[in-house]
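Enquirer: Test case, fold it:
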Amino acid sequence: MTRNRCALTLALALLAATPAAVGAPAEANPPTAEVLDPVQALRVLKKEHEALLAQQPTLQDAAAQADVLANHNRQLEQQLQTLQAQLDGLRGELVALQTDERRQWLVIGAGVLGAGMLLGLILPALRWRRRPRRGGFH
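Expert: Sure, this is the predicted structure:
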């Protein structure tokens with residue numbers, strides 16, 4: 001594509017510099033600065049062409065690297081979605097486990113309270129009989 005553009009630019013420069021191509025009568029003047037301008041333009045265009053050719057591999061590498069990075073980015077986004085789904089599942093599981101643990105402690109506390117109340121009611125009702133001591137003052 002750059003070769004076609006350079007060739008087109010060169011052709012336009014040559015046509016613009018040549019009066020016969022435009023339809024003006026050709027003059028029989030010796031070569032002047034106007035005639036040398038297309039030659040200089042050709043040199044400039046050749047230098048630009050060489051510079052563009054030198055940049056081409058770098059640009060191709062950059063384009064290939066951009067494609068690789070885009071693919072890697074897509075893979076990372078998919079991995080992120082998967083990990084977020086796992087995280088949401090684990091958070092739900094954590095909440096369920098915390099709820100179960102709280103319920104378990106509540107049942108244990110209720111059991112201790114119930115046992116304490118039962119002992120508090122039963123123990124005073126029992127009369128501890130004292131054994132008479134032998135040789136005692138009682």
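Enquirer: CA only for contacts and neighbour counts going forward, please
Expert: Fine.
Enquirer: Tally up the residues packed near residue 46, please.
Expert: 15 (other CA atoms under 10 Å).
Enquirer: and stretch 57-66, C-alpha only, in CSV?
Expert: Taking Å, rounded to 0.1, in the frame of the first residue of the first chain, the C-alpha atoms of stretch 57-66 are listed here in CSV:
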residue,chain,number,x,y,z
PRO,A,57,8.9,-4.8,10.5
THR,A,58,8.6,-2.8,13.7
LEU,A,59,5.0,-1.9,12.9
GLN,A,60,4.2,-5.6,11.9
ASP,A,61,5.7,-6.8,15.2
ALA,A,62,3.6,-4.2,17.1
ALA,A,63,0.5,-5.3,15.4
ALA,A,64,1.2,-8.9,16.1
GLN,A,65,1.9,-8.1,19.7
ALA,A,66,-1.4,-6.2,19.9
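Enquirer: who's in contact with that stretch?
Expert: Outside stretch 57-66, not one residue touches it by CA atoms under 8 Å, 6 or more residues apart in numbering.
Enquirer: pLDDT of it, averaged?
Expert: Averaging pLDDT along stretch 57-66 yields 88.
Enquirer: in it, what's buried?
Expert: Going by neighbour count (16 or more other CA atoms under 10 Å), nothing in stretch 57-66 comes out as buried.
Enquirer: same check, this time on stretch 83-95
Expert: Buried-residue list, stretch 83-95, by 16+ other CA under 10 Å: empty.
Enquirer: Mind jotting down where the helices sit in this structure?
Expert: For the chain, the helices defined by DSSP state H occupy 2-17, 19-22, 33-125.
Enquirer: Lowest mean pLDDT among the helices and strands, pick that one out for this protein.
Expert: Lowest by mean pLDDT, DSSP states H and E among the helices and strands of the chain is helix 19-22, with a mean of 47.
Enquirer: right, and the helices of the chain - which one's nearest residue 134?
Expert: Nearest to residue 134, of all the helices of the chain, is helix 33-125, at 27.1 Å by CA to CA.
Enquirer: Burial check on residue 114, number of neighbours?
Expert: 12.
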